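*Asks:* fold the following, please.
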Amino acid sequence: MKKAFFQVVSPEEYIALLQEFPTLEQEEIPLEQAEFRYLAQDIIAREDLPMTNRSCMDGFAVSAREVFGATESNPAYLESMGSLSIDQQPTEALRPGHCMGIVTGGTLPEGADAVVMVEHTQELGAGTLEIRKSVAPSEHVMLRGEDATAGKAALSAGTHLRPQEIGMLAAVGAERVAVHRRPRVGIISTGDELIPVGDTPTPGQIRDVNSFSLSALVSSAGAIPTRYGIIADRQEELSAAIHRALAENDVVFISGGSSIGVRDLTQAAIEDLPDAKLLAHGVAVSPGKPTMLARVGNKAIMGLPGQVTSSQVVVMIFGVPFLRHLAGDTRAFDPMRRPLRQATLTRNIASKQGREDYVRVRLSTAEDGSLEATPVLGKSGLLRTMLLADGFIRIPADTEGFFAGRPVDVWLQV
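*Replies:* Below you'll find the predicted structure:
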């Protein structure tokens with residue numbers, strides 16, 4: 001494999017490379033296990049939902065034109081044809097000048113196109129009802145097929161199955177659903193300086209933070225993490241770990257060993273893989289410039305910075321959306337899908353042109369109730385900056401920074 005050290009690409013180019021990886025194969029699972037998965041196929045409704053025009057309120061089914069202009073001072077008067085229970089289907093059409101009592105969820109009789117809420121009526125006795133408020137056609141009515149139409153897609157492939165989509169699946173009778181498989185992610189930490197979290201470090205040693213923080217980020221994306229422990233700075237050990245992780249996972253995250261230096265072995269280990277293709281070794285972002293990307297078949301290897309905050313930022317920006325893409329999210333990289341809050345920047349921020357900067361900020365509430373974003377400054381190896389920050393602001397590569405007082409979009413941390 002030909003060496004291409006530090007093939008720096010733009011963030012847009014890096015995302016385009018990630019999008020070339022195909023989504024994972026589909027599997028069929030029970031509805032009760034489908035929450036937060038992504039549909040692999042359209043869900044076709046077998047019948048209209050609702051199956052009839054149904055009331056949204058307790059009240060009286062009416063023809064809207066017969067109560068047009070009704071007010072408390074100028075009410076309309078209708079004769080009652082009785083009432084319908086929720087499980088009772090109307091057996092006769094609504095006659096002119098009449099109304100019919102109805103409960104929430106009840107089926108409207110033929111001839112009725114609206115419902116007057118019970119609190120806007122007064123029973124006068126002898127079957128006469130006083131209507132004190134007009135209604136428009138379809139007001140307080142769930143129309144037949146308004147949620148789903150028989151023979152058409154109730155939910156489309158790629159849909160993220162939140163609790164509300166789970167409810168729709170139940171409503172259309174989908175006991176089992178086809179979803180994309182959850183990505184499996186192998187996490188490797190490299191470096192002679194790393195020790196297990198339960199050990200006491202000596203000067204020059206640090207506990208293995210990245211494999212645990214990255215594992216949590218992977219889980220937050222709906223993927224399945226597997227930690228492969230600490231690998232020493234020896235190429236044969238790293239190569240063996242990568243081989244094993246690739247055999248057992250769809251994606252491999254390697255933290256450390258991706259910056260230029262005599263002890264950095266990630267690229268060399270990747271070159272040992274017979275079918276590997278190095279797609280990028282460097283992204284024009286800060287933090288995270290040394291980020292790598294390689295491809296082995298349809299599997300991805302992401303080489304991440306060893307600095308704890310840099311690796312977390314890179315996975316939040318690129319890794320989490322990539323895992324959602326593999327899991328079937330058709331809009332995984334859409335900026336509109338990011339959890340954003342608008343705030344006012346409290347101080348100037350300088351930025352170097354030619355790279356995209358992600359600046360950590362802390363949110364607070366100003367005296368007028370608006371949100372303010374204050375930069376959290378610190379070195380990329382300090383965990384404290386991530387703990388204090390509520391999110392990031394993105395400074396584009398063609399910008400030399402932002403001035404205080406500027407409105408900014410804050411990308412909330414996971």
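
*Asks:* quick one: the residue nearest to Leu265 when sequence neighbours are not counted from Val285, how far?
*Replies:* Nearest in space to Leu265, with sequence neighbours left out and distances taken as C-beta to C-beta, 6 or more residues apart in numbering, is Gln235 at 4.8 Å. Bear in mind the C-beta positions are built from the backbone N, C-alpha and C, glycine included. Here the criterion is C-beta to C-beta, to the nearest Å. By it, Gln235 lies 27 Å from Val285.

*Asks:* between the two, who's got more neighbours?
*Replies:* Between Gln235 and Val285, Val285 has the larger neighbour count (other C-beta atoms under 10 Å), namely 24 against 15.

*Asks:* contacting residues for the more buried one?
*Replies:* With contact taken as C-beta atoms under 8 Å, 6 or more residues apart in numbering, Val285 is in contact with 11, 291, 314, 317, 355-358.

*Asks:* apply 10 Å and report the result again.
*Replies:* Contact criterion C-beta atoms under 10 Å, 6 or more residues apart in numbering gives 8-11, 14, 291, 310, 313-314, 317-318, 355-358, 394, 397 as the residues in contact with Val285.

*Asks:* also Cys99?
*Replies:* Applying C-beta under 10 Å, 6+ apart, we find Cys99 in contact with 59-63, 66-67, 76-82, 109, 112, 115-116, 121, 127, 129, 131.

*Asks:* what does Lys352 give?
*Replies:* Shown here is Lys352, whose contacts under the criterion C-beta under 10 Å, 6+ apart are 286, 395, 397, 399-401.

*Asks:* on the three-state scheme, it is what?
*Replies:* Under DSSP: H, G, I helix; E, B strand; the rest coil, the three-state class of Lys352 is coil.

*Asks:* longest helix of this structure?
*Replies:* If each helix of the chain is counted by residues according to DSSP state H, the longest one is helix 235-248.

*Asks:* buried stuff in it?
*Replies:* Applying a neighbour-count criterion of 16 or more other C-beta atoms under 10 Å, one finds 238-239, 241-242, 245-246 buried in helix 235-248.

*Asks:* so what secondary structure elements neighbour that helix?
*Replies:* For helix 235-248, the packing partners by 3 or more C-beta pairs under 10 Å, 6 or more residues apart in numbering; DSSP states H and E come out as strand 184-190, strand 224-231, strand 251-255, helix 266-271, strand 292-296, strand 299-304.

*Asks:* counting neighbours, what do you get for Gly167?
*Replies:* Taking other C-beta under 10 Å as the definition, Gly167 ends up with a neighbour count of 9.

*Asks:* please apply the same query to Lys379.
*Replies:* There are 11 residues near Lys379, going by other C-beta under 10 Å.

*Asks:* any idea how far it lies from Ile206?
*Replies:* Between Lys379 and Ile206 the distance is 14 Å, computed by C-beta to C-beta.

*Asks:* list the contacts of Ala232.
*Replies:* The neighbourhood of Ala232, defined by C-beta under 10 Å, 6+ apart, consists of 190-192, 194, 238, 241, 265.

*Asks:* make it 7 Å
*Replies:* With contact taken as C-beta atoms under 7 Å, 6 or more residues apart in numbering, Ala232 is in contact with Asp192.
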